[in-house]
Structures are given as structure tokens and as C-alpha cells.
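In: sequence? don't have it. structure:
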């Protein structure tokens, strides 16, 4: 398998970005990523764009082309990748594959999403469709928080997980987002703040949910030959990628305490990278809701089944712990611009592994220089797990 | 570069398919493709789904997941690829890359689109967005036929192409569609029929336009090792793929007689395959409008600039001619279910190269056993060119 490295990353400010259109938002990520890589837009032979809301949250139906032109990418091979909330990681895999297959020497994965220009009921409908529209949204009125509430209730019933435990995830992720200048929600919060916030879908409350965010992140990947030619200082290598998917119909799943797609995708990624979970220095996991982060600890093998809350209560997923998780604030507080999230995870992994451009207070100590990104689409409808190694 | 082959193809009946939902339509293509390849759904490690209209022409927002579950693909890596009308080819490149990168041994590209359940004005709006929505559709009211009418007028002015010439494309493609049982429009037509049909966007008339079609096509690709292991009778190898893109904004293009993206993508594909255009036995080109087929002859190097109509008038793009084009009826008459078209081209290429399952009357004589598929998204916003060799 050909070696491929991340050689440049960029990230826009996440938040309510009605000040920028889709092209301008993309540019905010693309420009620094090209500068970081030391290449020009014309050097990018293939670009995969992760974006879900074209024609829904924003008007442009061909964002890859429109943003591509604005960023000087016209002429490159282009594709838009959709894997719901894992679209950014799907774009990353696609850009990686274009290089790993020998088709391109330099490729880009750009995640970009504008979600804040439509009213919230329309936003709720679109996000609610990220499952099986016909059976679940249309017939039973499932919303997206309701999907994860179902998992939260099952996890509480089976393992004794409490609402306070879930609140701890929010508290941790807001704490680290407060140190991250690009994060959407930078306010520190307490367990009480979470517990007293408005119920969205019981037991999930407002602060258990990730915000609706605008944002973009860009990643440049290159072949080993190109890394040498460009004399890249600190290439960050793609050690392994795993992918999987789950049933569209939730009634076809065996239980609601774990996402099969996360388990399978991570096992495949560990096998590809030739490592076990305890060799990871840190991880970015898909905490679209607080319960999702706890399930991820278990699904990704950071601990045994039902032991996620122990890891959390003991502070093992904070800096200084066994495996720091979401030290950029996660989806929960950095924000979750659906198509951008996967690329934003790679952005964070890359800076942490290079130990540059990360605020000192949230810099993770490294032993093996290996980090993992876990990106879920829908309720485990899609999953991509990416392992990077310096 | 790892060798990758097409080992199985399937295609649904194209047409007005309100009898089938998106999953059933996908299944009509997936099932025969698996049978053709001699593999099971569980053997597919990665599937790329080309589809544009999710949430627009049809309701499901995650067609890859919903169709995937129905077809038994849950557990495979999944992504939906959008490259406007070239989405099927983008999915094919993605599935190919997953294998060529060494990540999967067997992958699937499935193109599936349902466009006939919404009213025609909504369809017109969505298709009109396949450019630069904000400037061209929203501000100037450009529709998709208007885009190609602009090219037709420029081509007529520069090269003396006539309305009768364009009509010849429609006549040829309807003739061959009449021999193709899966085609949407199977009526033979005359030049007079075309010329007397309703004007859509002058000089393009109804019969110059491809129909709005429902349909699906599926392609299974495999690594060289897997081809040997499965003892595939007649693998059809991917000899080369080229991609490119054009500006979103048409005002930034240098002329309107050619699509730069087609020129660039085809040059890259020829280089990758190590062939020149005159070694091709046949081609499938993107005839969304009749003028597009004439431009394609020139852009792909089948003839010189302005010589496309001569090729056509001399019958050189029919069976027995220098390079038969669109012997399945093309987008013009087989139909153009946007996300499926690219995969349907590979379906046709594969059967022609294997010389099986193609009606005798439209079977192309082979010398080099090499064919090309040319798939354009928007008005040259995206382009993918794929060369297959038996």
C-alpha cells in the first residue's frame, strides 16, 4: 500500500457564520491549508468536498465546483462526498485513495457546511432525515435528538449510566473548547448547567446536544515521493483507515447501547495500522450528543462494555489521563458543521501530532505519536475511523 | 498502479419508474451485477453510490444507506458521490480507488436516481442549479437547456454547425435506443421530427434534449488477485481514468464551443491508458443535448476542431464507422437518470467489450477491445473519462 501523508491543514472559525457565503467559508480553510503544505492551489490534482446541505441548508447545488472556483481549484478532479455527519471523513478517505491508488500526487479533502441561514424547524427536518426518512421520520416523527435519546435510555437501563455522567462529557468538552479560539461554544459550564437546561428529547437536554454550526476545514495529502520532493518538515502519515455502515432501519439493530458500525470500522482501522487501542495517545470521537462520546469509548475499545462512564468519572479522557478525548472541544462545543467535522478532526490530530499551533493548555503529551479520529454519520449509518501517526 | 477490473454489471429498466422506490430501483441494478460477478452482497467491502437528488427529486437523504440496507450491503464502507450529471463516474472512480489503493478487494459503484416523482417546474429548478446557482440561476434565470443553447449558438456561429446536424445526433441515438430494451425512449425519429418539435431554448428543441429519467446501474470492481481467485471469465480492465473540472461561473470561460474539462480529462485518461483516440473501438459520450455529442467528438480528439459534424454526417459514429458512439441510445434516448448515467456507461462498455448480452443489431466490431466513457457534470463543471480494455 502506498504511503500517504497529511502535509497541510486549515480550519475556519466555527460558529454562526452568516458573515461568509459557502465559498468564503471554504476559502478560510483552504488558504491556510495550502500555506501550511507549501503548495499552490494549482498543485492540487484532485479535491473531495464533504458537504451535505447543498440545496437544503444553503442554495448552491454544486458546492465542490463553486467553492473550487473561488479557491482556484478549477481544473482539478472534483467530487462531493456525502456520508451524513461523516462526510468530512468520507472526503478524506476519497482524497487519500486518489493518492494511494497512484492517480494523484497531491489531493485535498475539504469539509464545508453552512447550516445557520435557514429556520430551525427546517434544519430539524433536514437533520431528522439523516436516518430512514420514509419509515422513521415521516411515519414516526423521529428527530435526530430522539434517535440518540433512544440510545441514551438503553445505555442507562443496561449499564446504570446517569444523566450526571452524560453531563460530564459536556463539561469536559466545553472546558477544552474555551481554550480553542476556533470553537463555536467557548463558555465553561457546570454539571448543574447541563442538568437544568431545557429537555430536548428525554434524557437529553440542550447541553447534551452539539450546536448547529457553520464551518470549514481543509486537509492536503501527498504521496511519499511528493513529501520528499517538498521537503515536508513533519509529515503526518495515514496509518490506517476503517469504514463500515449500519442498517438504515433502526428496528433491524440488535441493541441500542453501541453502534456496530463504530466497532467494525475501528477494528478495521486498528488492523490496517497494526496497533491496538492502548497504543493511542489521544482521540477525536463523534460526540454529537454526550451519550455518543460514552458509547464511543466502549465501541472503540478504550475500555470494556459499560465501563465508559468510569473512564470519564476518573478523568482518564482529559489531559494527563489514559487517553485524552476531544481536546479541541469536540462536536459538542467546537461545533458540528456536518460536512466539515471529519476534516476538522484531522486538522486537530495533525496539529497535536506535530505539537504546533495548539494552545499549551490543551496540548496532549505524546508517547507513540498516534491519534485516532472517529466520525459517525447518522446514528451509526455510516462510520469512518482514521488513524494518523507522526 | 494496482490493476483493477470490472467483474460484474447490472442495469435497471430506464424510464418513468413510479412503480419502484429508490431502494427497489437500486436493487434492480445491484442484483444482476452481483450475479454477473459471481459474488454475494457481503463480499462487497466498499460501495460508492452516485446520486444527486436525495431530498430534492426523492425524499431519502441517505440513499447510500437506505438502498444499501435493501441490497444487503450494511456493514460495507459507504459514501454517496455527487458530481452533478457525472456522479456515476465519480462513484466509479471512488470504488476503483478503494481497490487500487489496496483498501478493498471488491467494491461497488451504484448509480441510482429517481427524478419523475416531482412536478416539472421543481425538476427544472433543481437541474438549473447544476451550475452557479447564485449568479446564473437566481440572478439571470439560466435553465439547463439555456446553458447548452449558449454552446450550440456559439458552435453554429464559429463552425457552421446547423440545426439539421444536431438533429442527426438525436436520430442516430433514437435508432440505437430502439434496439435496446432498457432504454427510455425507444421510438425511431426523423430529422423532421426533431426540427418540428417544440423549441425549448433556441436553437435546442424538445428532441435535442435528453429526457428526465428514473434508473439505476451497478458495477462491481475487483483487484487482480480477486479476479484470479474468482476465476473471472472475461475481466474488463480499467486502463485509465482522467478527471477535471471547469469554472462554476460561465463568464469566466474563454469560449463556448468546447468544454475545457472534457479536453483535460480525456488527455489525462489517454495518458494513463497509454493510448491515443484512434485506438478506441467505440465510445459512450455525454449527449445530454445533441450539441454536447458533437462537441464531445472534438473535445475527445475523435476529429479536429469544427469537424464533428463531418464525422456525424458521414456516419462515422455509427456501427461500421470509424468510432461508433452511444450505441445504447445515449443519454438522449436511453435516458439520463443523473446519478446513474456514469455507471450505465460502464455497463454498456463492459457488455460491448465482452461481446455478450448486447443485441446483435447494435453490437460493435472490436479491433483493440478498448472503449471510452465520457461523463460530464453540469456544463463541463465536472468531467470524468474512463477507458476500459478487455
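Out: Nice, I can see it. The model shown is predicted, which means the values in this text are computed figures rather than measured ones.

In: show me what from the stretch 151-300 of chain A comes close to chain B.
Out: The stretch 151-300 of chain A comes close to chain B at residues A:241, A:243-249, A:252, A:260-261, A:264-265, A:272, as judged by C-beta under 8 Å from any C-beta of the partner chain. Where C-beta positions appear, they are placed from N, C-alpha and C, glycine not excepted.

In: show me the helices in chain A, by range?
Out: For chain A, the helices defined by DSSP state H occupy A:22-37, A:63-70, A:87-100, A:120-128, A:140, A:144-159, A:163-177, A:191-195, A:224-229, A:260-273, A:290-299, A:308-313, A:341-354.

In: among these, which is the most enclosed?
Out: When the helices of chain A are scored by mean count of other C-beta atoms under 10 Å in any protein chain shown, the highest mean neighbour count falls to helix A:87-100 (a mean of 31).

In: now the angle from that one to helix B:87-100?
Out: Relative orientation of helix A:87-100 versus helix B:87-100 (axes from the mean of the first three to the mean of the last three C-alpha atoms, to 10 degrees): 60 degrees.

In: ok so, going back, just the residues of the stretch 151-300 of chain A next to chain B now: which is nearest chain B?
Out: residue A:243 (3.0 Å; C-beta to the nearest C-beta).

In: now render the helices of chain A as TSV, adding mean pLDDT.
Out: Shown next, in TSV, are these (pLDDT from 0 to 100):
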stretch	mean pLDDT
helix A:22-37	98
helix A:63-70	96
helix A:87-100	98
helix A:120-128	82
helix A:140	79
helix A:144-159	97
helix A:163-177	98
helix A:191-195	98
helix A:224-229	98
helix A:260-273	98
helix A:290-299	98
helix A:308-313	98
helix A:341-354	98
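
In: for residue B:298, which of those is the nearest?
Out: Among the helices of chain A, helix A:63-70 comes nearest to residue B:298, with 22.8 Å by C-beta to C-beta.

In: packing partners of that closest one?
Out: helix A:22-37, strand A:46-50, strand A:77-82, strand A:106-113, strand B:236-245 (3 or more C-beta pairs under 8 Å, 6 or more residues apart in numbering or on different chains; DSSP states H and E).

In: picking that back up, now, the most widely separated pair of the residues of the stretch 151-300 of chain A next to chain B?
Out: So for those, where distance means C-beta to C-beta, the most widely separated pair is A:249 and A:272, at 29.2 Å.

In: now do the contacts for residue A:99.
Out: Contacts of residue A:99 were listed using C-beta atoms under 8 Å, 6 or more residues apart in numbering or on different chains, and they are A:2, A:4, A:46, A:105-107, A:221-223.

In: may I see the ChimeraX selection of the buried members of those residues?
Out: Listed next is the ChimeraX selection for buried residues among the contacts of residue A:99, using 16 or more other C-beta atoms under 10 Å in any protein chain shown:
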select /A:2,4,46,105,106,107,221,222,223
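
In: between the contacts of residue A:99, which is nearest residue A:285?
Out: residue A:221 (21.9 Å).

In: if I look at the closest one, how far off is residue A:3?
Out: 11 Å (C-beta to C-beta, to the nearest Å).

In: swap in residue A:106?
Out: Plainly put, residue A:106 is 14 Å away from residue A:3 if you go by C-beta to C-beta.

In: wait, what's in contact with residue A:375?
Out: Contacts for residue A:375 (C-beta under 8 Å, 6+ apart) come out as A:85-86, A:88-89, A:286, A:341-342, A:345, A:383-386.

In: quick one on the thing from earlier: which one of the residues of the stretch 151-300 of chain A next to chain B is nearest to residue B:186?
Out: The nearest member of these to residue B:186, counting by C-beta to C-beta, is residue A:248 at 34.4 Å.
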